[in-house]
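*Asks:* when you get a sec, could you give me coordinates for this:
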Amino acid sequence: MRVPHPPEYLRRASTLAHRVVGALLGIVGLLVLGEALAGSARSFHLWWSGSAAVLGLLFVAFMLFHHGFRLLPSWLADLGGDPQQRQHVTIGILLTIGAAVEFARTSTNSPSALLRLAWPLALLLIGVMFVRHTQHGTGQAVGQARRFHTLLGWTLVAAALLSAAAAFSPAAAAGPASALALLAAAVLLLSYREPAGAWEPSSAPHHQMRAEG
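*Replies:* All right, here's what the predicted structure looks like:
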């Protein structure tokens, strides 16, 4: 299934999606910062981990059903040829799992060191995926988008490492620093605009456009 959306439509939709996710990630970052400044308040921890899990779940649901239930089987079959859409779905799943495990761990007061690593590991994998994120469009547009997503990816990698440090040293400065890294990622997403030429056809094999679907 290839939905024949024009490139301009896809650029607007992608820009809007980046900004919506950025706004929601900003809320998560503010809650993480609130927890750090309040001295590891459990309520803040539950709020940000729960919010992040819901964000991931909504993102996956949007990716799966944004063309309706009727086209879902065809869209899933088409994922094999579109690494960008596979990455989007995987990012949503990782975010959901990592945040849900963190929420459950906090709710049950689990002392498990392994469970403490679930959220930082999810952020780390998401960051790496953004660094290697597939782009569609002309060569110039792909280059611009890749530079942005590389910066976004490394920002999330930094957030992951700082979150891991904060998980084992709650009193350290890593907590506020991890929140600031998440907020920086949110600002990047809010500022993003798909470059001219994104989703346009290109003669280069790895730049070929596939319509979102």
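*Asks:* other SSEs contacting the host helix or strand of A166?
*Replies:* Secondary structure from DSSP states H and E places A166 in helix 139-168. With contacts taken as 3 or more Cβ pairs under 8 Å, 6 or more residues apart in numbering; DSSP states H and E, helix 139-168 sits against helix 113-116, helix 118-131, helix 174-191. From N, CA and C alone the C-beta is placed, and that goes for glycine too.
*Asks:* go through those helices and name the closest to G22.
*Replies:* In terms of Cβ to Cβ, the element of the helices and strands packed on helix 139-168 nearest to G22 is helix 174-191, at 2.8 Å.
*Asks:* relative to helix 118-131, how tilted is that closest one?
*Replies:* For helix 174-191 against helix 118-131, the angle by axes from the mean of the first three to the mean of the last three Cα atoms, to 10 degrees is 40 degrees.
*Asks:* alpha carbons only: can I get the worst-scoring helix or strand of the chain on mean pLDDT in PDB?
*Replies:* In the chain, the helix or strand scored least confidently by mean pLDDT, DSSP states H and E is helix 72-78, which has a mean of 72. What follows is helix 72-78, C-alpha atoms only, in PDB (Å, rounded to 0.1, in the frame of the first residue of the first chain):
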ATOM      1  CA  LEU A  72      -4.000  -1.500   8.600                       C
ATOM      2  CA  PRO A  73      -3.100  -5.000   7.100                       C
ATOM      3  CA  SER A  74      -1.800  -3.400   3.900                       C
ATOM      4  CA  TRP A  75       0.100  -0.800   5.900                       C
ATOM      5  CA  LEU A  76       1.700  -3.500   8.000                       C
ATOM      6  CA  ALA A  77       2.700  -5.400   4.900                       C
ATOM      7  CA  ASP A  78       4.200  -2.300   3.400                       C
END
